[in-house]
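Participant: structure, please.
(chains A and B)
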Amino acid sequence: METFYVTTPIYYVTAKPHIGHAYTTIIADILARWNRLLGKDVFFLTGTDEHGTKIEKAAKEAGKTPKEFVDEVANTYIETWKALNISFDKFIRTTDKEHEKAVSEFITRIWDNKDIYKGIYEGWYCVPDETFITEMELNDGKCPECGRDVQKVKEDAYFFALSRYKDDLLRIFEEDQDFIKPPSRLKEIVNRLKGDIKDLDITRKSVTWGIPFELDKEQTVYVWFDALLNYISALGWPNGGKFIEFWPADVHMVGKEITWFHAVIWPAMLLAAGIDLPKTIVSHGWWTVEGKKMSKSIGNVVDTVELARKYSADALRYFLIKEKPIWEDGDFSESGLVSRINGELLADLGNLVARTLTLAEKFKGKIEGEEEIADNLDMSRIKELFEVYDVNGALNEIWTFVRSVNKYINDTEPWRLGGARLGAVLNNALEALRIISILLYPFLPETSESMQNQLGVKLGSINECKFVTFDGKVKRGKNLFEKIEVKQ
RNA sequence: AGCGGGGUGGAGCAGCCAGGAGUGCUCGUCGGGCUCAUAACCCGAAGGUCAGAAGUUCAAAUCUUCUCCCCGCUACCA
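Facilitator: Residues are numbered from 1 along each chain as shown, chains lettered A, B, ... in the order given. Just a heads-up that it's a prediction; the model follows:
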């Protein structure tokens, strides 16, 4: 059976998930659900990144041990994903035993291949913040976080020979223009890669909250090196059956700020170990909130679970996907969310279902007839958009069809009709709704199910998105969406 | 600074790569139609010197050059 392996980044557990995390994860969920509808064997991975000084520090501030702390935060991620109906197949944590074992195995392999060597790490350290700072991050020679003086540190460390893979990577990017999406990001990465590439230090002596470095137990593995390996450790690499079945990944969904890690460092690591590269890295844009960058200091971090509870997971999913092209940045606002609920989910879709079902329930004749609106639905376009991971484009296309069905009902005026003609119009409208319920399943799983209940049909596959004779038993249920009253 | 993206009616976008009357979409405003539907849906109208300048061309939002402005990335924030 054809497989599909999609991943989100593993999220760093210093804080609860916000809409940015939700966005990445929702896109991945939509891809997973769509590919299941296509009949593929899907593996959808998400999880948490739990090592490093920042977590150690956050734990201390919370008065907890690192382990207690990461358990707690990892749980809020799992709870959030449940609240948003994220259909992940596995939730990996970098503190999982299997993961730690895989990391050690990986390091041993590339050591044997001479891609790791011992050297001296030189950098800056902020004592009160307990964080390492790179030359680039320095702000006027001071700590970028707290503005205090930093201290030069020198310690033994192990390095990964990233620079050795520069030419290989450039050749790969040249040959496979789709390796990084969108093209503008590919350009950024290529230009940067053409510059001066330094080897990466991948261990720290003074960090204790990390995976012990296999070759020198005084050191721990640098968080990023550890974290990236989750994509294969989750499949049981090196010998797991899932690894054989699902690797290479079809798509790593990532936020634009971590493109470099996924497009350069991660492939270099895989090349070093002789493992196939993932097929595509999709790098999406960011959300601002009410026009401002999301940050804890501004205090505009949006609580996802609260929003989902207030409006519904489907409404939030819909907004995030419909609001902006995935490559671009966009702005989140609660008023924007409400406007899409009232103006689109309710006015276009909810209303369409309500008016059609009312007409169908009253009709006593036979619902059958020629298709009249199949041309309004461009299935091949929708499939193409999914193939390039443009879920925003696909949803727009589906929505165009939803609107066209409302127009069809207006044009045919079924409330004036009767007999065979009414049967034919209803057949078109009901079939359209059945098809829409399938197409919306990846985006709005609860709404899709509710539509199928009211139509008296079962969720079909993508192959069933074509007009035939409607054979459901309609029963109008409660409204799909309720109007959100806006206080003036 | 380097690299990348963007500046299109009141708002948000498409259109640009392969030039052909300012074309399109969503929201907002105004007017109308309809009454099956959650005051919903459908139709129509107003509104733009396509950031600015120069150039190429019979023809430029679209190609070239320059200028201005906004945003992002630059080694661990989705």
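Participant: what about the stretch 51-200 of chain A, any weak spots by pLDDT?
Facilitator: Residues of the stretch 51-200 of chain A meeting the criterion pLDDT under 70: A:126-150.
Participant: in it, which spans are helices?
Facilitator: Under the criterion DSSP state H, counting those that start in this stretch, helices of the stretch 51-200 of chain A are mapped to A:53-61, A:66-83, A:97-112, A:166-175, A:183-194.
Participant: need these in a markdown table (columns: mean neighbour count and distance to RNA strand B).
Facilitator: Where C-beta positions appear, they are placed from N, C-alpha and C, glycine not excepted. As requested, the helices of the stretch 51-200 of chain A are exported to a markdown table (neighbours: other C-beta atoms under 10 Å; distance: least, C-beta to the nearest atom of the strand, whole Å):
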| stretch | mean neighbour count | distance to RNA strand B |
| --- | --- | --- |
| helix A:53-61 | 17 | 7 |
| helix A:66-83 | 18 | 10 |
| helix A:97-112 | 18 | 14 |
| helix A:166-175 | 14 | 10 |
| helix A:183-194 | 15 | 4 |
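Participant: could I get those as CSV with distance to residue A:366?
Facilitator: Below are the helices of the stretch 51-200 of chain A laid out as CSV (distance: least, C-beta to C-beta, whole Å):
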stretch, distance to residue A:366
helix A:53-61, 65
helix A:66-83, 43
helix A:97-112, 58
helix A:166-175, 58
helix A:183-194, 52
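Participant: just checking, residue A:247 touches residue A:232?
Facilitator: Yes. With contacts defined as C-beta atoms under 8 Å, residue A:247 counts as touching residue A:232 at a distance of 6.4 Å.
Participant: ok, these two, which is more surrounded?
Facilitator: When residue A:247 and residue A:232 are compared on other C-beta atoms under 10 Å, the one with more neighbours turns out to be residue A:232, at 25 against 21.
Participant: how about that one, what does it touch?
Facilitator: Residues touching residue A:232, when contacts are defined by C-beta atoms under 8 Å, 6 or more residues apart in numbering, comprise A:102, A:106, A:243, A:247, A:275.
Participant: quick revisit: and of the helices of the stretch 51-200 of chain A, who's closest to residue A:321?
Facilitator: Distances from residue A:321 to each of those were compared using C-beta to C-beta; the shortest belongs to helix A:66-83, at 16.2 Å.
Participant: who are the contact partners of whatever residue of the stretch 151-300 of chain A ends up closest to RNA strand B?
Facilitator: Here the stretch 151-300 of chain A gets closest to RNA strand B at one residue, residue A:255, 2.1 Å apart by C-beta to the nearest atom of the strand. Shown in contact with residue A:255 (C-beta under 8 Å, 6+ apart): A:9, A:20, A:24, A:283-284, A:286.
Participant: also residue A:273?
Facilitator: When contacts are counted by C-beta under 8 Å, 6+ apart, residue A:273 is found next to A:106, A:109-110, A:113.
Participant: separation between it and residue A:168?
Facilitator: Computed as C-beta to C-beta, to the nearest Å, the residue A:273 to residue A:168 distance reads 13 Å.
Participant: kindly report the same for residue A:190.
Facilitator: Summarising the geometry, the distance separating residue A:190 from residue A:168, computed by C-beta to C-beta, is 13 Å.
Participant: likewise residue A:157?
Facilitator: Counting by C-beta to C-beta, the gap from residue A:157 to residue A:168 is 24 Å.
Participant: so, low pLDDT: which residues of the stretch 201-350 of chain A?
Facilitator: By pLDDT under 70, the weakly predicted segments of the stretch 201-350 of chain A are A:291-301.
Participant: write out the residues of it neighbouring RNA strand B.
Facilitator: Proximity of the stretch 201-350 of chain A to RNA strand B (C-beta under 7 Å from any atom of the strand) is limited to residues A:222-224, A:254-258, A:260-261, A:265, A:284, A:286-287, A:293-295, A:325, A:328-329, A:339, A:343-344, A:346-348, A:350.
Participant: among those residues, which are in helices?
Facilitator: Judged by DSSP state H, those include A:223-224, A:260, A:339 as members of helices.
Participant: of all the contacts of residue A:232, which two lie farthest apart?
Facilitator: Set against one another by C-beta to C-beta, the contacts of residue A:232 have their most distant pair in A:106 and A:247, with a gap of 13.5 Å.
Participant: name the residues contacting each of the two.
Facilitator: Shared between the contact lists of residue A:106 and residue A:247 (criterion: C-beta under 8 Å, 6+ apart) are residues A:232, A:237.
Participant: ok so, going back, of all the helices of the stretch 51-200 of chain A, which one is nearest residue A:215?
Facilitator: It's helix A:97-112; of those, that one is closest to residue A:215 (C-beta to C-beta) at 5.8 Å.
Participant: residues in contact with that closest one?
Facilitator: Contacts for helix A:97-112 (C-beta under 8 Å, 6+ apart): A:92-94, A:116, A:160, A:211-215, A:221, A:225-226, A:229-230, A:232-234, A:236-238, A:269, A:272-273.
Participant: how far is it from where the chain is centred?
Facilitator: From the chain centre to the centre of helix A:97-112 is a distance of 27 Å (C-alpha atoms, centre = their mean, to the nearest Å).
Participant: likewise for stretch A:475-488?
Facilitator: Using C-alpha atoms, centre = their mean, the mean C-alpha position of stretch A:475-488 is found 28 Å from that of the whole chain.
Participant: any part of stretch A:415-426 near RNA strand B?
Facilitator: Yes. With C-beta under 7 Å from any atom of the strand as the measure, stretch A:415-426 is seen reaching RNA strand B through A:415-416.
Participant: go through that stretch and flag the buried ones.
Facilitator: Buried residues in stretch A:415-426, defined by neighbour count with 16 or more other C-beta atoms under 10 Å: A:417, A:422-426.
Participant: count the residues that sit near residue A:352.
Facilitator: Counted with other C-beta under 10 Å, residues neighbouring residue A:352 total 22.
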